[in-house]
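1. My questions concern the predicted model and sequence given below.
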Number of protein chains: 2
Amino acid sequence: MSWKERWQTYLPAVESAMQALLQPRLPGTARHYAMVAYHLGWRNEQLQKANVPAGKRLRPLLALLVTEAAGGDWHQVVQAAAAIELLHNLSLVHDDIEDNSLMRRHRPTVWSLWGRPQAINVGDSMFALVYEALWKLPENGVPLKRVWQAGQLFNEAIRLLTEGQYLDMQFESEDEVDLTAYLQMVSGKTAALLDISAGTGALLAGCAPACLDAYRRFGFNLGLAFQMEDDILGIWGDESKTGKSAATDILERKKTLPVLYAFARPEVAPMLHAIYHQTEKLSADQVQQVLALLNQVGAKAYTEAEAERYHVTAMAALDEVRNDRPAQADLRALATNLVGRQA
Amino acid sequence: MSWKERWQTYLPAVESAMQALLQPRLPGTARHYAMVAYHLGWRNEQLQKANVPAGKRLRPLLALLVTEAAGGDWHQVVQAAAAIELLHNLSLVHDDIEDNSLMRRHRPTVWSLWGRPQAINVGDSMFALVYEALWKLPENGVPLKRVWQAGQLFNEAIRLLTEGQYLDMQFESEDEVDLTAYLQMVSGKTAALLDISAGTGALLAGCAPACLDAYRRFGFNLGLAFQMEDDILGIWGDESKTGKSAATDILERKKTLPVLYAFARPEVAPMLHAIYHQTEKLSADQVQQVLALLNQVGAKAYTEAEAERYHVTAMAALDEVRNDRPAQADLRALATNLVGRQA
């Protein structure tokens, strides 16, 4: 089996685990859950049933592949994979409000369709779904102690997610953001969730501490590499593939790695400062100017090299776990495949 | 000991349990937690250390009093009481954004000081703190199974809170909201949290199912009565005591019980409809007009009677639990005291 075939097997189980959670408790609240379903791709803008690609479901795939690679039974831990995907998605619903993003995955964001108050509430409700999914694990025979440990991973990840989001918002108003600060931000915003995706899979499969640690470092470093690739796509990505406007991160003056790298280069820094410090919206010409400055200092190549460096670290952590299970090989193939993605 | 004396004993433990959770993980995020601390009354608007009354801490008081009344050790479950207060407060941080409320407890709301994006993120971060507090219970010797059951109560309460908030927002745009719908909204928005305040205390004290159920019904019905009293305060409350502007609920056209009652009365309904259906902001004159219409049909007396009815139901549920522990008598005294409050 390839990782893609495994994914075809896992996906329906993860989707239905998530869908099963959307049962309203109070009458009259079906529309609230329909908005959750919209974000997850199961409803359209009219909130009618639909099946729209809404995200790669990378994190549950990672969790279940690690479960199998570590010798566990993926059927037993589907709820944990669902919990991770829900956590990821609720953070997107709220991030989209915080970042004023109108589009996500080629579709209007929840807040842009139904307003900020509803979107805040949609995300909040999904926190309950995250923990509710985790809470179902004992029903499938997962020992309570492991569920409790998995819950700790989730609590920490939510902390790091929100701390990372805080740093990201701070950076917008800060002049100098050094690489260390960037890495801390990204370790919270992106890497923490890939860390617990791999970590939850390993933990629930019953890994020993050293094995758990290796899988977590694998996920964490993969997450850093993944974010750096995202930074590249946010500037040089193909709009038709990413679902976001091209150069959107420049327009929003995001302090992503290519931009921070250029800010640290004296030959272009003054020009960048001048453009980024104006109070008006950047013009199309200015966006092109920034692109030219980034290209002048090789910001894309630098970011690609950094992404590759973290990717290599991730693979080394993965290879610390020595086992000859087919799923371990598939996990390696998936991780290799994630480099150089286009969306 | 009276409930007030008990409260003086519990309070410092609950406060320090909450405070101990605010340790940042990532460097540079201290200000994020300072905003959490501001909302909880431990920092001022400049984010310097302060000690400002910020809420009655009613829910943890209820939880710990029930714990003792049910024969448990309150020291062992302080973290659960902290978790409840944090959950209550995060819902306020987000509600204030959703309702566009500028003031809370005589102080500017988090979003009005630091913007909506920060306030959304502050609330999100507090979700992690809620579960982190719960997760500490096994360290104090609470059996894992009970922690897991308490977690289920919390998951359900978050669902109901967000469903109740959804209904509350929907009501703003709906013409006719009947009493049943109002009760469902309030059961989610307010009663669910008092339900689990009492329920968590009882559960962690090791109550049998019938006892747990009685304490939960006590909390739930107390919550309904509490909300109806809040509805009265939102219209007829003394601004200097409530911390909100007088008649604020009329200005915001909230569909609270006194208003819904009046809308169901044909002699004033057409006038109310005319005033509430205009698109402009209500004038001071119109607010006075609404007040006069409410008084004309005795909306305040009706709401007081309803609050009293649920209060009586709550007390009856409490009395199903027959025990002669002093804490049970104190709990009764507290619940009696909650009727007719002024803030």
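-> Structure's in. What do you need?
2. tell me which helix or strand of chain A sits lowest on mean pLDDT?
-> Scoring the helices and strands of chain A by mean pLDDT, DSSP states H and E places helix A:239-242 at the bottom, with a mean of 71.
3. starting at the chain centroid, how far to that one?
-> Relative to the centre of its chain, helix A:239-242 is centred 17 Å away, using Cα atoms, centre = their mean, to the nearest Å.
4. Then stretch A:324-343?
-> Distance of stretch A:324-343 from the chain centroid (Cα atoms, centre = their mean) equals 17 Å.
5. quick one: A:W236 from B:V268, how far?
-> For A:W236, the distance to B:V268 equals 64 Å [Cβ to Cβ, to the nearest Å]. All C-beta spots, glycine's among them, are computed from the backbone N, C-alpha and C.
6. and if you look at A:A210?
-> Per Cβ to Cβ, A:A210 is found 73 Å from B:V268.
7. More neighbours: which of the two?
-> Taking A:A210 and B:V268 together and counting by other Cβ atoms under 10 Å in any protein chain shown, B:V268 has the greater number of neighbours (20 against 10).
8. Near the residue lying closest to the more buried one once chain neighbours are set aside, how many residues? Count them for me, please.
-> Using Cβ to Cβ, 6 or more residues apart in numbering or on different chains and skipping residues adjacent in sequence, the residue nearest B:V268 is B:L293, 4.3 Å away. B:L293 has 20 neighbouring residues, counting by other Cβ under 10 Å.
9. Looking at stretch A:186-196 now, give me its mean pLDDT.
-> Mean pLDDT, stretch A:186-196: 97.
10. Outside of stretch A:92-99 itself, list whatever touches it.
-> For stretch A:92-99, contacts defined as Cβ atoms under 8 Å, 6 or more residues apart in numbering or on different chains pick out A:39, A:101, A:104, A:109-112, A:116, A:119-120, A:122-123, A:126, A:165, A:169, A:252, B:116-117, B:120-121, B:124.
11. which of the residues you listed are buried?
-> A:39, A:101, A:104, A:109-112, A:116, A:119-120, A:122-123, A:126, A:165, A:169, A:252, B:116-117, B:120-121, B:124 (16 or more other Cβ atoms under 10 Å in any protein chain shown).
12. ok, for the residue lying farthest from the centre of chain A, nearest residue in space, not its chain neighbours?
-> Seen from the C-alpha centroid of chain A, the residue lying at the greatest distance (Cα atoms, centre = their mean) is A:E267, 33.8 Å away. Excluding its sequence neighbours, the residue lying closest to A:E267 (Cβ to Cβ, 6+ apart) is A:V297, at 7.0 Å.
13. How many neighbouring residues does that neighbour have?
-> 20.
14. who touches the closest residue to A:L22 other than its chain neighbours in this structure?
-> Closest residue to A:L22 apart from its sequence neighbours, by Cβ to Cβ, 6+ apart: A:Y33 at 4.3 Å. Neighbour list for A:Y33: A:22-24, A:125 [criterion: Cβ under 8 Å, 6+ apart].
15. nearest to chain B, of these?
-> Relative to chain B, the closest of the contacts of A:Y33 is A:S125; by Cβ to the nearest Cβ it sits at 3.8 Å.
16. separation between the closest one and B:L212?
-> On the measure of Cβ to Cβ, A:S125 and B:L212 end up 25 Å apart.
17. Please list all residues in contact with the closest residue to A:K136 other than its chain neighbours.
-> Nearest non-adjacent residue to A:K136, counting by Cβ to Cβ, 6+ apart: A:Q79, 4.5 Å away. Shown in contact with A:Q79 (Cβ under 8 Å, 6+ apart): A:17, A:133-134, A:136-137, A:140.
18. and the stretch 151-300 of chain A, which residues reach chain B?
-> Within the stretch 151-300 of chain A, the positions adjacent to chain B are A:151-152, A:154-156, A:158-167, A:169-170, A:181, A:184-185, A:187-188 by Cβ under 8 Å from any Cβ of the partner chain.
19. now A:K255, what's its secondary structure?
-> Here A:K255 is coil, with the state taken from DSSP: H, G, I helix; E, B strand; the rest coil.
20. Please list all residues in contact with A:A264.
-> For A:A264, the residues meeting the contact criterion (Cβ under 8 Å, 6+ apart) are A:178-179.
21. now swap in A:P138 and tell me
-> Applying Cβ under 8 Å, 6+ apart, the residues contacting A:P138 are A:144, A:147, B:148.
22. Touching, A:G201 and A:L64? I think so.
-> Yes - the criterion here is Cβ atoms under 8 Å, and A:G201 meets it with A:L64 at 6.5 Å.
23. shared neighbours of those two, which are they?
-> In contact with both A:G201 and A:L64: A:77, A:81, using Cβ under 8 Å, 6+ apart.
24. Can you show me the strands along the stretch 101-250 of chain A?
-> For the stretch 101-250 of chain A, the strands defined by DSSP state E, counting those that start in this stretch occupy A:103-104, A:107-108.
25. Let's have these in a markdown table, adding mean pLDDT and distance to A:K56.
-> Formatted as a markdown table, those follow (pLDDT from 0 to 100; distance: least, Cβ to Cβ, whole Å):
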| stretch | mean pLDDT | distance to A:K56 |
| --- | --- | --- |
| strand A:103-104 | 92 | 13 |
| strand A:107-108 | 96 | 15 |
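26. Using a markdown table, lay out those strands together with distance to chain B.
-> Listed next are these as a markdown table, based on distance: least, Cβ to the nearest Cβ, whole Å:
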| stretch | distance to chain B |
| --- | --- |
| strand A:103-104 | 16 |
| strand A:107-108 | 19 |
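27. Can you say which of those is nearest to B:E320?
-> Nearest to B:E320 among these is strand A:103-104; the distance by Cβ to Cβ comes to 50.4 Å.
28. Distance from that closest one to the middle of the chain?
-> Mean-position distance between strand A:103-104 and its chain equals 14 Å (Cα atoms, centre = their mean).
29. What strands line up against that strand, and which way round?
-> The pairing partners recorded for strand A:103-104 under DSSP bridges are strand A:107-108 (antiparallel).
30. I'd like to know how many residues surround A:W236.
-> Using other Cβ under 10 Å, A:W236 has 18 neighbouring residues.
31. do A:V312 as well
-> A:V312: 13 surrounding residues under other Cβ under 10 Å.
32. residues in contact with A:F220?
-> Here A:F220 is in contact with A:187, A:191-192, A:194-195, A:314 (Cβ under 8 Å, 6+ apart).
33. Just among the residues you listed, which is most surrounded?
-> Among the contacts of A:F220, the one with the most neighbours (other Cβ under 10 Å) is A:L194, at 29 neighbours.
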